[in-house]
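> Sequence plus the predicted model coming up.
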Amino acid sequence: MLRSTKIVATLGPASSEPAVLERMFRAGVDVVRLNFSHGTAADHEARANLVRETCRKVGRAVGIMGDLQGPKIRVGKFKEGKTLLKPGERFILDATLELGDHEGVGLDYKELPNDVKEGDVLLLDDGKIVLDVNEVRGSAIACIVRHGGVLSNNKGINRQGGGLTAAALTSKDIEDIGTAAKLNVDYLAVSFPKSGADMYMAKELLRARGGHALLIAKIERAEAIPALEEIMRACDGIMVARGDLAVEVGDASVPALQKRMIRQARELNKLTITATQMMESMISSPVPTRAEVSDVANAVLDGTDAVMLSAESATGQYPVETIEAMSRICVEAEKSMPVALEREFLDRVFTRVDQSIAMGALFTAFHLKVKAIASLTESGSTALWMSRLNCGVPIYALTSQPNTHYRTTLFRDVYPLQVKYVGHDREELLAEAERVLVKSGVVEMGDLIVITIGEPIGKAGGTNTLKIVKVGDHLKS
């Protein structure tokens, strides 16, 4: 059975060897993530080159997503590398402090004293440590420890309820956008956007550098929730980044928010990636916990395009086994998903010809029980629209455009195939499409398929024809 939900895996020390990466690709990775929070531009370039090389070796497309670090809202460093905070103790966060000790620590984010006031609650190290703000004086924030623990170098800081003013794009991010453009990544993830303006700015900077990646907004700030639709309309997809989001809005709020975000994104024809701690125990265990199995399955049932691995594949002991386990869970969850196409059509209005053709293809494929839908596409838009609704029929995105070929790796229910024909003869293109589908083993001679195509051929966004074809009709004997 084909897997509809895609798998994104973060590359790191555990997954940078060619042999390991090849095994990961064969296990089912669809998109790899380059985390710009770690490593140099040269490191990312080497990994990107290895990814493309491995794609050629295994004969399948795997997309590349660059992930910007965003603002470093973190504590500074300690003289001893860490300290133990005990409940009831006084602890100071001071923007001018160089090296911290048991009494206080410096700040990488120098604006924090301007963003907080007495009575605020600060959450450190993903909420493991809780500090109540007692007083703010100049560069120093005096706190009382509510929940203690070991605090080490460069741990993150969140303000309960959000409200930190840090800009989404830092000078490092702007530099990394240039790196992403140079590497020709397929997706660019933007950390901590608060508004649509943040995403428009990232897109302008990327296009100015010659990059063509689709933009993913990482929803991880409390302020992003009321601005969700605005952010979605300014980008191509979202990442439900449950780590920082849970710290800011409270962990109990995240499951319902996850479902709402995925539903809203699909309605707006946007992509979704569900991330953070999905298979966390497999960093050091060869099998997942039952709770992790349920978590991944629920994201699939919510309709997410992709589920993402972070430390599990970047630094974990079992990167290949984790991908294999995640793939099995996705396939089993997808078996139980109902196909209710008519009901989903009721709330949709189609105002464009190409979008109407996409919806017509789904309706036809569902009722005729065809073997496959083949979308001959320049930009990938038709395949994306079809993937927003579940018709129970696999969608093959056939394109001669390399960017589109790799971009469609993230679309749920869509499988990219490359066609070599780039002329303007429709019959020749349809014959090439049939040859590619047969050669790939996804259809056989005599199978019924639905094809969408645009005329004149080669024009992006011009899909205007739906054709029901018996495989072999366009192949010359």
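Now that the structure is in, tell me what you want to look at.
> so where is this protein shaky, pLDDT-wise?
Within the chain, the ranges that satisfy pLDDT under 70 run 1, 340-348, 422, 456, 458-461, 476-477.
> Please parse it into its domains.
6-70+168-335, 77-159, 341-470 (automatic domain parsing).
> need the contact list for the nearest residue in space to L268 that is not next to it in sequence.
Excluding its sequence neighbours, the residue lying closest to L268 (CB to CB, 6 or more residues apart in numbering) is M232, at 5.2 Å. Bear in mind the C-beta positions are built from the backbone N, C-alpha and C, glycine included. Contact partners of M232, counting by CB atoms under 8 Å, 6 or more residues apart in numbering, are A217, I238, Q264, A265, L268, K270.
> Just the buried subset of those residues, please.
A217, I238, A265, K270 (16 or more other CB atoms under 10 Å).
> ok, now how distant is P286 from Q277?
Distance of P286 to Q277, given as CB to CB, to the nearest Å: 18 Å.
> oh, I was asking about M337
24 Å.
> repeat for L466
Using CB to CB, L466 is found at 43 Å from Q277.
> I'd say L97 and K110 touch.
No - contact between L97 and K110 fails when scored by CB atoms under 8 Å: they sit 11.0 Å apart.
> quick one: which of the two has more around it?
Shown here are L97 and K110; by other CB atoms under 10 Å, L97 has more neighbours (19 against 11).
> residues of stretch 22-37 that come out buried?
Across stretch 22-37, burial judged by 16+ other CB under 10 Å covers 22-25, 27-36.
> Kindly format the C-alpha coordinates of that stretch as CSV.
Output in CSV follows, covering the C-alpha atoms of stretch 22-37 (Å, rounded to 0.1, in the frame of the first residue of the first chain):
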residue,chain,number,x,y,z
GLU,A,22,20.7,5.8,1.6
ARG,A,23,19.1,3.4,4.1
MET,A,24,16.9,6.3,5.3
PHE,A,25,15.8,7.1,1.8
ARG,A,26,14.9,3.4,1.2
ALA,A,27,13.1,3.3,4.5
GLY,A,28,10.8,6.1,3.2
VAL,A,29,12.0,9.6,3.9
ASP,A,30,10.3,12.1,1.6
VAL,A,31,11.9,15.4,2.7
VAL,A,32,15.1,16.1,4.7
ARG,A,33,15.4,19.1,7.0
LEU,A,34,18.6,21.1,7.2
ASN,A,35,18.5,22.8,10.6
PHE,A,36,20.3,26.2,10.3
SER,A,37,20.5,26.5,14.1
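> which SS state does the residue nearest to L268 fall under?
Classification of M232 by DSSP: H, G, I helix; E, B strand; the rest coil places it in helix.
> mind starting the numbering at 331 from now?
Let's use 331 as the start, then, which means that last one is M562.
> ok, how many other residues are close to the residue nearest to T509 when sequence neighbours are not counted?
Take T509 and drop its neighbours on the chain: the residue closest to it by CB to CB, 6+ apart is A371, 4.6 Å away. Counted with other CB under 10 Å, the neighbours of A371 add up to 15.
> So M667 and Q607 - more neighbours on which side?
Legend: neighbour count by other CB under 10 Å for M667 and Q607, higher for Q607 (17 against 14).
> from memory the more buried one sits against R572, does it?
Yes - with contact defined as CB under 8 Å, Q607 counts as touching R572 (7.1 Å).
> List the residues that contact G468.
Contacts of G468 by CB under 8 Å, 6+ apart are P443.
> for E375, same thing?
Contact partners of E375, counting by CB under 8 Å, 6+ apart, are T509, K512, L513.
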